[in-house]
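K.L.:
would you be able to build a 3D model of this:
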Amino acid sequence: MTKLNRLARSVADAHDIANELTARAVKLNLGGSIYDPTNSMGTLLFTVLAMVAEFEADLARMRTREGMKIAKAEGRLRGRKPKLNARQEAHLVALHKAGEHTSAELPGHDLARRRPHVTPACCWTWPTARRPRPFLRPSRP
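P.N.:
Model prediction:
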């Protein structure tokens, strides 16, 4: 391993990994230095390195969130584009309210019937003949 933060994301995870390595009589090589978690000095160094690695990961996460917040405020971070524009969504809503909305309408809008998160909220209902199932890819014949 070159860096401890590549091995574990938190101190608790690092300790779990160290305990598993100790149980298997394995020594950890980090950046050319060998740490033996069975002696007190190895345990201390491993714990300190794990704490520093977790701190660095938290800093990187914090900087990323701050950068995304700034980019969003400046209009540079827009997120995923919606499947439907306002006109298409209004059309589907009107069809649904008129009672003419069928699954045959969905392919023209590049929507899947089994994906309610991309379908307008007012147009989605679970089929009444069966209970909801996890969203799985349909099997091909």
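
K.L.:
which residues of the protein fall in helices?
P.N.:
In the chain, the helices defined using DSSP state H lie at 11-23, 40-73, 86-98.

K.L.:
the longest one vs helix 11-23, what angle?
P.N.:
In this structure, helix 40-73 runs at an angle of 140 degrees to helix 11-23, with axes from the mean of the first three to the mean of the last three CA atoms, to 10 degrees as the basis.

K.L.:
let me know the average pLDDT across helix 40-73.
P.N.:
The average of the pLDDT scores along helix 40-73 is 89.

K.L.:
same thing with the last one?
P.N.:
The average pLDDT within helix 86-98 is 75.

K.L.:
ok, now which ones touch Val11?
P.N.:
47, 50-51, 54 (CB atoms under 8 Å, 6 or more residues apart in numbering). To be clear about C-beta, it is placed using only N, CA and C from the backbone, and glycine gets the same treatment.

K.L.:
now a PyMOL select for only the buried ones of those.
P.N.:
To isolate the buried ones among the contacts of Val11 in PyMOL, judged by 16 or more other CB atoms under 10 Å, type:
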select buried, resi 50+54
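
K.L.:
in a markdown table, list the contacts of Val11 along with distance to Leu30.
P.N.:
What follows is the contacts of Val11, written out as a markdown table (distance: CB to CB, whole Å):
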| residue | distance to Leu30 |
| --- | --- |
| Thr47 | 13 |
| Ala50 | 10 |
| Met51 | 14 |
| Glu54 | 15 |
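
K.L.:
out of the contacts of Val11, flag the one nearest to Lys3.
P.N.:
Each of those was checked against Lys3 using CB to CB; the closest is Ala50, at 11.2 Å.

K.L.:
which one of the contacts of Val11 is nearest to Ala14?
P.N.:
Ala50 (3.7 Å).

K.L.:
excluding chain neighbours, give the residue nearest to the closest one in space.
P.N.:
Once flanking residues are discounted, Ala50 sits nearest to Ala14: 3.7 Å by CB to CB, 6 or more residues apart in numbering.

K.L.:
I'm done for today, thanks for sticking with me.
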